[in-house]
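Colleague: got a predicted structure here, sequence first:
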Amino acid sequence: MRIAIIGSGLAAIATAKRLVTRGIKPVILDVGDELDSNRTSLAGRLAGKNPEHWHNNDRIALALNPTVHEGLSIPKKLLFGSGFFYGESNQHAPLKGNGPLPPFSYAKGGFSVGWGAAVLPPDPCDIKDWPITVANLADHFKFVLATLPLSADDDELSNRFPLYKEDYGALKLTTGNETILHDLRRSGLLRSDSCLFGQARLLVRTRDIEDKPGCKYCGYCMSGCVYDCIYKSLDDVNDLVSGGKIDYTGGVLVQRLEEKTDTVNISYVNGSGEQQMMPVDKVFLAAGAVNSTRIILKSKKLYDHKVRLPTRGGFIVPMLRAKYAPVDWPDVNTQPGLFLEYKVPGLSDHWVHTQLSTPNELIFEKLNIHNTSHGLMQKLKRRLLGHVVIAFGNLHSNHAFGYELALKQGSEGRQDILKYERESSIQSDRDIKRAIKHLLRVSWKFGCVPLTPIAQINTGSYHVGGTLPMKKNPKKETETDLLGRPLNMKNVHVVDSSVFPSLPGTTIGLLAMANADRIAAHVLLE
């Protein structure tokens with residue numbers, strides 16, 4: 001049986017791994033953009049040494065991020081100084097609209113090549129509007145996590161967010177994060193059922209496994225891990241290809257799918273710009289919410305059909321602590337150290353997911369602090385940062401703006417254009433400000449005061465989905481059934497976040513993998 005998976009991100013690799021266990025060798029079709037050779041060489045050179053032996057010029061190149069110096073705006077996460085994994089309009093799949101593009105990726109590994117690897121399963125209250133429950137996904141969380149590294153602790157978070165994995169480790173927290181966690185436990189916040197906290201859960205290798213090193217606490221995690229300790233689906237793609245368990249074809253931009261009686265014809269453009277077609281028995285579509293939507297709209301010839309693309313509301317706010325904690329950088333892991341989950345009375349029953357971090361390399365770069373400098377001003381800045389905590393929050397998609405997508409038919413000889421329009425964020429901004437205001441009431445209990453006047457509302461969320469929502473009984477052309485099949489389609493299964501009826505404020509990467517695994521596990525393979 002010939003099965004194709006379109007895309008190579010988290011949902012795609014979860015699908016592939018499940019299909020392999022079912023005796024299938026799928027082929028992944030992917031655009032497959034990769035990091036440039038110079039930065040790949042830099043990462044390889046640093047990976048061959050322990051951090052204390054890195055040359056200072058290499059450290060500077062590793063952490064290069066011009067967006068850090070763009071005023072008070074939220075810095076853009078880069079990989080070794082590159083933003084190649086952020087998709088741009090393509091001549092074979094053009095996008096046009098107002099404001100920044102909705103987020104999508106053409107990278108081999110999708111957004112996972114540059115993500116922060118934070119994971120947390122949803123609480124039932126956050127997917128009440130879904131046609132499936134957290135219980136339906138429990139075994140799939142376990143299956144997905146079984147082969148992934150996990151840094152976590154069985155702590156207070158487990159009261160509502162199970163670990164779903166027995167073999168896990170825990171990264172060493174910075175001194176600042178340890179003191180915050182200590183104060184959180186003394187605060188009495190757990191007496192309320194609307195607040196939880198604990199060590200951040202991250203898909204990170206905490207110890208050496210065979211020939212793969214554990215975290216070396218180099219201090220540059222937010223710039224990309226040269227030791228590949230932070231999980232990305234690219235690693236599994238390469239391992240499965242080298243093991244002969246899947247095939248991979250890069251340089252492929254899929255445009256539409258045409259179902260015949262028992263086959264699906266995949267129309268795509270290859271790396272040379274030539275139109276080609278591949279017949280397969282089944283397709284698992286995991287191109288990301290924007291491109292999966294484009295493909296389905298084009299396949300169904302749904303021109304001028306408006307589709308909403310929800311996002312998640314977010315914010316970033318620095319907080320000051322009266323207590324001083326020594327700054328350990330650079331000999332630390334700079335990913336988020338703690339998770340704080342809280343509900344805002346009167347807003348909704350959804351969790352606000354907040355990641356707490358002591359200052360990372362991006363903050364040090366913004367303040368022009370370097371590990372080789374020891375002048376008076378450097379010491380004063382470090383002393384100040386010993387009182388600083390960064391809170392990065394996300395809200396449920398019910399409290400966020402979205403985009404409106406519509407496919408416009410191209411004139412003769414021209415490509416169809418995916419038009420996008422960003423919704424007004426007035427109500428979203430109000431909800432986010434309420435969440436920040438409530439954070440002020442919560443955080444003083446563990447000795448922190450948010451600097452709300454300089455809080456930044458995150459208007460560029462990279463968590464999107466919900467364009468092709470799952471329904472028990474789909475009735476609209478852009479609704480899908482419980483196996484991700486769009487209405488009146490038999491052998492096409494959408495498996496990425498496109499099929500989410502809503503987006504929890506908690507992280508969605510693990511949820512996307514578990515739901516993709518659920519679909520791939522239950523599809524009939526004849």
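Modeller: Now that the structure is in, tell me what you want to look at. Residues are numbered from 1 along each chain as shown.

Colleague: what bits of the stretch 401-526 of the chain have low per-residue confidence?
Modeller: 412, 459-461 (pLDDT under 70).

Colleague: quick one: the strands in it?
Modeller: All strands of the stretch 401-526 of the chain, identified by DSSP state E, counting those that start in this stretch, fall at 402-408, 417-422, 448-450, 456-457, 492-494.

Colleague: so which of these comes closest to residue 259?
Modeller: Nearest of these to residue 259, taken as CB to CB: strand 492-494 at 6.7 Å. No exception for glycine: its C-beta is placed from N, CA and C like everyone else's.

Colleague: which strands and helices sit next to the closest one?
Modeller: Under the contact definition 3 or more CB pairs under 8 Å, 6 or more residues apart in numbering; DSSP states H and E, strand 492-494 sits against strand 282-285, helix 289-299.

Colleague: turn the strands of the stretch 401-526 of the chain into a markdown table, columns for distance to residue 156 and mean neighbour count.
Modeller: Shown next, in a markdown table, are the strands of the stretch 401-526 of the chain (distance: least, CB to CB, whole Å; neighbours: other CB atoms under 10 Å):
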| stretch | distance to residue 156 | mean neighbour count |
| --- | --- | --- |
| strand 402-408 | 33 | 20 |
| strand 417-422 | 38 | 18 |
| strand 448-450 | 17 | 20 |
| strand 456-457 | 28 | 16 |
| strand 492-494 | 36 | 26 |
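
Colleague: rebuild these as JSON lines, extending it with distance to residue 149.
Modeller: Shown next, in JSON lines, are the strands of the stretch 401-526 of the chain (distance: least, CB to CB, whole Å):
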{"stretch": "strand 402-408", "distance to residue 149": "33"}
{"stretch": "strand 417-422", "distance to residue 149": "36"}
{"stretch": "strand 448-450", "distance to residue 149": "30"}
{"stretch": "strand 456-457", "distance to residue 149": "31"}
{"stretch": "strand 492-494", "distance to residue 149": "28"}
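
Colleague: of those, which is nearest residue 28?
Modeller: Of all the strands of the stretch 401-526 of the chain, it is strand 492-494 that lies closest to residue 28, at 14.6 Å by CB to CB.

Colleague: residue 340: what secondary structure?
Modeller: Classification of residue 340 by DSSP: H, G, I helix; E, B strand; the rest coil places it in strand.

Colleague: over to the residue lying closest to it once chain neighbours are set aside. Which of the three states is it?
Modeller: Among residues not flanking residue 340 along the chain, residue 354 sits closest, at 4.3 Å (CB to CB, 6 or more residues apart in numbering). Put simply, residue 354 is strand when judged by three-state DSSP.

Colleague: ok, residue 354 - contacts?
Modeller: By CB atoms under 8 Å, 6 or more residues apart in numbering, the contact set of residue 354 is 339, 340, 341, 342, 391, 392, 393, 394, 439.

Colleague: quick one on the thing from earlier: could you redo the helices and strands packed on strand 492-494 as a markdown table and give each row mean neighbour count?
Modeller: Shown next, in a markdown table, are the helices and strands packed on strand 492-494 (neighbours: other CB atoms under 10 Å):
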| stretch | mean neighbour count |
| --- | --- |
| strand 282-285 | 28 |
| helix 289-299 | 26 |
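
Colleague: and the ones you listed: which comes nearest residue 269?
Modeller: Short answer: helix 289-299, nearest of the helices and strands packed on strand 492-494 by CB to CB, at 12.4 Å.

Colleague: tell me what that closest one is packed against?
Modeller: Using 3+ CB pairs under 8 Å, 6+ apart, helix 289-299 sits against strand 253-259, strand 282-285, strand 307-310, strand 402-408, strand 417-422, strand 492-494.

Colleague: next, format those strands as a markdown table and append distance to residue 325.
Modeller: Output for the helices and strands packed on helix 289-299, formatted as a markdown table (distance: least, CB to CB, whole Å):
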| stretch | distance to residue 325 |
| --- | --- |
| strand 253-259 | 49 |
| strand 282-285 | 47 |
| strand 307-310 | 38 |
| strand 402-408 | 39 |
| strand 417-422 | 40 |
| strand 492-494 | 46 |
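
Colleague: and the ones you listed: which comes nearest residue 143?
Modeller: The minimum distance between residue 143 and those falls on strand 282-285, with 16.2 Å, by CB to CB.

Colleague: in its sheet, what does that closest one sit against?
Modeller: Sheet partners assigned to strand 282-285 using DSSP bridges are listed as strand 3-6 (parallel), strand 492-494 (parallel).

Colleague: I'd like the ones you listed laid out as CSV, including distance to residue 468.
Modeller: Shown next, in CSV, are these (distance: least, CB to CB, whole Å):
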stretch, distance to residue 468
strand 3-6, 14
strand 492-494, 5
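
Colleague: nearest to residue 61, of the ones you listed?
Modeller: For residue 61, the closest of the strands paired with strand 282-285 is strand 3-6, at 34.5 Å, according to CB to CB.

Colleague: moving C-terminal of that closest one, what's the next helix or strand?
Modeller: Once the chain leaves strand 3-6, the next helix or strand it forms, by DSSP states H and E, is helix 10-21.

Colleague: quick check: buried residues in that next one?
Modeller: For helix 10-21, the neighbour count (16 or more other CB atoms under 10 Å) marks 10, 11, 12, 13, 14, 15, 16, 17, 18, 19, 20 as buried.

Colleague: quick revisit: of the strands of the stretch 401-526 of the chain, which is nearest residue 152?
Modeller: With CB to CB as the yardstick, what comes closest out of the strands of the stretch 401-526 of the chain is strand 448-450 (23.1 Å).

Colleague: quick one: residue 299 and residue 265 touch, right?
Modeller: No - with contact defined as CB atoms under 8 Å, residue 299 does not count as touching residue 265 (10.0 Å).

Colleague: give the full set of residues in contact with the residue lying closest to residue 521 once chain neighbours are set aside.
Modeller: Spatial nearest neighbour of residue 521, excluding adjacent residues (CB to CB, 6+ apart): residue 18 at 5.4 Å. Residues near residue 18 by CB under 8 Å, 6+ apart: 143, 516, 517, 520, 521.

Colleague: name the member of those with the most neighbours.
Modeller: The most crowded member of the contacts of residue 18 is residue 516, carrying 32 neighbours; neighbours defined as other CB atoms under 10 Å.

Colleague: ok, back up a step: ok, which of the strands paired with strand 282-285 comes nearest residue 375?
Modeller: Of all the strands paired with strand 282-285, it is strand 3-6 that lies closest to residue 375, at 53.8 Å by CB to CB.

Colleague: any idea of the mean pLDDT for that closest one?
Modeller: Strand 3-6 carries an average pLDDT of 98.

Colleague: then stretch 129-142?
Modeller: Mean pLDDT, computed over stretch 129-142, is 98.

Colleague: run the chain-centre distance for that stretch.
Modeller: With CA atoms, centre = their mean, to the nearest Å as the basis, stretch 129-142 stands 19 Å off its chain's centre.

Colleague: just stretch 25-43 next, same as before
Modeller: Put simply, stretch 25-43 sits 18 Å off its chain's centre (CA atoms, centre = their mean).

Colleague: again, but for stretch 241-254
Modeller: On the basis of CA atoms, centre = their mean, stretch 241-254 sits 22 Å off its chain's mean C-alpha point.

Colleague: now swap in stretch 251-264 and tell me
Modeller: 27 Å.

Colleague: for stretch 80-100, same thing?
Modeller: That offset, for stretch 80-100, works out to 17 Å (CA atoms, centre = their mean).

Colleague: average pLDDT for it?
Modeller: 94.

Colleague: return the set of buried residues in it.
Modeller: Neighbour counts over stretch 80-100 (16+ other CB under 10 Å) mark 80, 81, 82, 84, 85, 86, 87, 93, 95, 97 as buried.

Colleague: I am finished for the moment; much appreciated.
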